[in-house]
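1. need a 3D model of the following:
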Amino acid sequence: MKQSAVSAGLYSVFYAVALSLVGMCALILLPNLDNSQSAFTSLALTILPPGLLGLVLASVCSALMSNASGAIFASATLITNDIIKVYIKKDMDGRSVIKTSRIVTIVLGLLSVIFSLWIQNILVALDMAYAILSGAIFVPLVVGLYWKRVTSEAAFYAIISSTIIIFATFGIYGISSTWPIIYGLVTGLVVLVGVTVLTPARKTKIFQTRSTRETYSYKK
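-> Next up is the predicted model:
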């Protein structure tokens, strides 16, 4: 788990460097660009020939659709197995899990359509998604890896509270601001530590096995 987290972090570094290079190129080639969120598309429309431009835009659209479908299916699975089955309807059988997962997938798809009509800018939507991911998921994940005292309830309440704070600060500072991430991180850390400290520590039973050696004597 820790190796996976470190590998994902290293990959994110290269991803951030690539986006920074695109932004710096746009700053030099398009100094009068009004909206920084459209730097990639404006740069592509300016410097790429028609054939390569169509290929790049088609690649971007296919990557976005692939990530969107994967995110919806993964979210539906997590909500069904880790929230509904654990906290709401604990006696679900296999058929009920599949049915609930399908319903959750449809609801998430409709919410995605509503948010896309509201935002109408894929880069801004990505900023919001990464703000929620960074501000709500980062603290419970990292702290849970190194502090064994953290409970699942504390992580759950930290994620929920951070997400609410992030959406609230979006309305105050705007959806392109980085302040929601900071507020989400602070909220998640406070809630995670507070709930963990206030929750009694669970006793773990340690089972020990005693190995016995048996000697056998053979007579010739």
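
2. now do the helices in this protein.
-> For the chain, the helices defined by DSSP state H cover 2-29, 39-47, 50-78, 94-119, 122-132, 138-146, 152-173, 179-198.

3. looking at those, which is closest to residue 85?
-> helix 94-119 (6.6 Å; C-beta to C-beta). To be clear about C-beta, it is placed using only N, CA and C from the backbone, and glycine gets the same treatment.

4. buried ones in the closest one, by neighbour count?
-> 97, 100, 101, 104, 105, 108 (16 or more other C-beta atoms under 10 Å).

5. okay, those residues in a markdown table with pLDDT and distance to residue 54 next?
-> Supplementary listing: the buried residues of helix 94-119 in a markdown table, determined by pLDDT from 0 to 100; distance: C-beta to C-beta, whole Å:
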| residue | pLDDT | distance to residue 54 |
| --- | --- | --- |
| 97 | 90 | 42 |
| 100 | 93 | 41 |
| 101 | 92 | 37 |
| 104 | 94 | 36 |
| 105 | 94 | 31 |
| 108 | 92 | 31 |
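
6. point to the residue nearest the middle of this protein.
-> residue 133 (3.9 Å; C-alpha atoms, centre = their mean).

7. could I get the pLDDT score of residue 63?
-> Per-residue confidence (pLDDT) for residue 63: 82.

8. same thing with residue 179?
-> So residue 179 comes in at 90 (pLDDT).

9. quick one: the nearest residue to it once chain neighbours are set aside and residue 181, what's the gap?
-> Closest residue to residue 179 apart from its sequence neighbours, by C-beta to C-beta, 6 or more residues apart in numbering: residue 173 at 4.6 Å. To residue 181, residue 173 is 10 Å away according to C-beta to C-beta, to the nearest Å.
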